[in-house]
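**Q** structural data only, the sequence is not supplied:
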């Protein structure tokens, strides 16, 4: 089987993956885009004449009146989310998804609340304030922001996630740490979410909206009330950035909230401090769903109880232990990337990240930053045109000394502000003489030392060129292109509103791009994929 399909949160969504993992050779880079095209073809073959599947992070008018077909009305008093905008029918019918929605709301003690800043145009009301029929929404909505109140606004979005299998637990932990630093950079490069609930936003990515959509923390856990009934004050949602590194302690400069009993048990069982801390941090969360027939498990042969917690800690990276009695090894999952309009763009970002992992291991690179700086970088990454206008903390010198790994070098280091500086993404990706060598030049250094056929080298060159040109501003991110499409549309009234007409034309354009019926020089330049 060359493809695999699974249900996702939205009843309008599907998860598509290769049917089996790719191998380790560079020649497999030629298969990534081809497999994405095959998945698109298989899905389109099942659709009716007036149905389309488009690869976008979120439907621009998600939550607007009549956004489903057939039209379903939200039922705020009886639905599992109590949303003013998102009907239960838009949620996948599998009971897991509605149960997650209801339990997050009930545990939190209120509806989830996300506010994305409005993109201010010449005729956008100032202040931009919406009126809602219930007191809870009125209080949760912020002026000059687009208010959203349901899990579907976050988990109803799509993304690109990549899982790598490492050769050992040590390698997996090292890759987890190094890629944690890369997450904000790729988030900014992949930005494709400038529209929420039919309004242009002043943000380019899905990140904070999806973080808020599953935030089940109570008032006490969020720090809005003194701790009395709850055990922990938790600084982040269940969906958020990585809280601690796994291979070195030195750059963990923030308190890691953890269950002390679980930590103690793991340490007594011989698990080292960093891994025990990571697991004890995951288990500060309550389970969100549990099926009655799965309460009692043969824990030696099943990891279902662990996965119940692990799979609902949605961090920017995920560390994935092997399942019991399985040939699958230690894996890490890279999770920040926004979904792109075309298979070429999605494949380019996947290959960029995969090739970076090989470069990190081959050239023995060290990207460690204080974890607090990674959090700051993630906040900057979702801002409008962050790829051009924001600067990101990044390490100046990334090569380890002979005989060291990034983890051992970090263990011996005394973290200092002199180790890193703020760089724009062009410098981080393409390099700047006397400042930083650049991620792509480092990848090219790696490629010169490995044998690769001409076709594979050409494939990689096209993909890296796309990333390089986005970083330099020569090509647009999908978010910038979508915002420009909207603001230049004849139906646009300079009021930040994305009308049905604009939405239809935008999605029709993206559909033609995804099918290869049209080209878009602003997004892909003159780059072409091999046949």
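**A** Cool, the structure landed. All values derive from a computational prediction rather than experimental measurement.

**Q** so which residues of the stretch 301-450 of the chain form strands?
**A** 314-315, 317-320, 331-338, 391-395, 420-424 (DSSP state E, counting those that start in this stretch).

**Q** and the gap between the residue nearest in space to the middle of the chain and residue 317?
**A** Centroid-nearest residue in the chain, with CA atoms, centre = their mean: residue 336, separated by 2.4 Å. As judged by CB to CB, to the nearest Å, residue 336 and residue 317 stand 8 Å apart. (Each C-beta comes from the backbone N, C-alpha and C, glycine too.)

**Q** could you tell me which residues touch both of these two?
**A** residue 183 (CB atoms under 8 Å, 6 or more residues apart in numbering).

**Q** show me the one of the strands of the stretch 301-450 of the chain that comes nearest residue 65.
**A** strand 331-338 (26.0 Å; CB to CB).

**Q** quick one on the thing from earlier: quick one: contacts for the residue nearest to the centre of the chain?
**A** Contacts of residue 336 by CB under 8 Å, 6+ apart are 159, 183, 184, 186, 187, 190, 207, 316, 378.

**Q** tell me the SS of the nearest residue in space to residue 260 that is not next to it in sequence?
**A** Using CB to CB, 6 or more residues apart in numbering and skipping the chain neighbours, the partner closest in space to residue 260 is residue 280 (7.3 Å). Following DSSP: H, G, I helix; E, B strand; the rest coil, residue 280 is assigned to helix.

**Q** the closest residue to residue 84 other than its chain neighbours and residue 87: what is the separation?
**A** Nearest residue to residue 84, sequence neighbours excluded (CB to CB, 6+ apart): residue 76, at 5.4 Å. In this view, residue 76 and residue 87 are 10 Å apart by CB to CB.

**Q** sorry, back to before: most tightly packed of the strands of the stretch 301-450 of the chain?
**A** strand 331-338 (a mean of 24; mean count of other CB atoms under 10 Å).

**Q** quick check: mean pLDDT of that strand?
**A** Mean per-residue pLDDT for strand 331-338: 98.

**Q** kindly report the same for stretch 464-471.
**A** Computed over stretch 464-471, the mean pLDDT rounds to 98.

**Q** can you give me the helices in the stretch 401-531 of the chain?
**A** 406-412, 425-430, 439-448, 454-472, 478-487, 500-514, 521-524 (DSSP state H, counting those that start in this stretch).

**Q** check what contacts the fifth one and list those residues.
**A** The one in question is helix 478-487. Contacts of helix 478-487 (CB under 8 Å, 6+ apart): 60, 119, 121, 190-195, 200, 204-205, 338, 340-341, 345, 384-385, 476, 492, 494, 498, 502, 505-506, 509, 520, 522-523.

**Q** return the members of those residues classed as buried.
**A** Listed as buried from the contacts of helix 478-487 are 60, 119, 190-195, 200, 204-205, 338, 340-341, 345, 384-385, 476, 492, 498, 502, 505-506, 509, 520, 523; burial here means 16 or more other CB atoms under 10 Å.

**Q** buried residues in stretch 108-117, which are they?
**A** Judged by neighbour count (16+ other CB under 10 Å), stretch 108-117 contains these buried residues: 108, 111, 112, 113, 114, 115, 116, 117.

**Q** ok, now stretch 131-147?
**A** 132, 137, 140, 141, 142, 145, 146, 147.

**Q** nearest to residue 472, of the residues you listed?
**A** residue 146 (30.6 Å).

**Q** mind listing what that closest one touches?
**A** 115, 116, 117, 118, 196, 197, 199, 201.

**Q** what mean pLDDT does the helix or strand harbouring it get?
**A** Residue 146 is part of strand 145-148 when elements are defined by DSSP states H and E. When pLDDT is averaged along strand 145-148, the result is 98.
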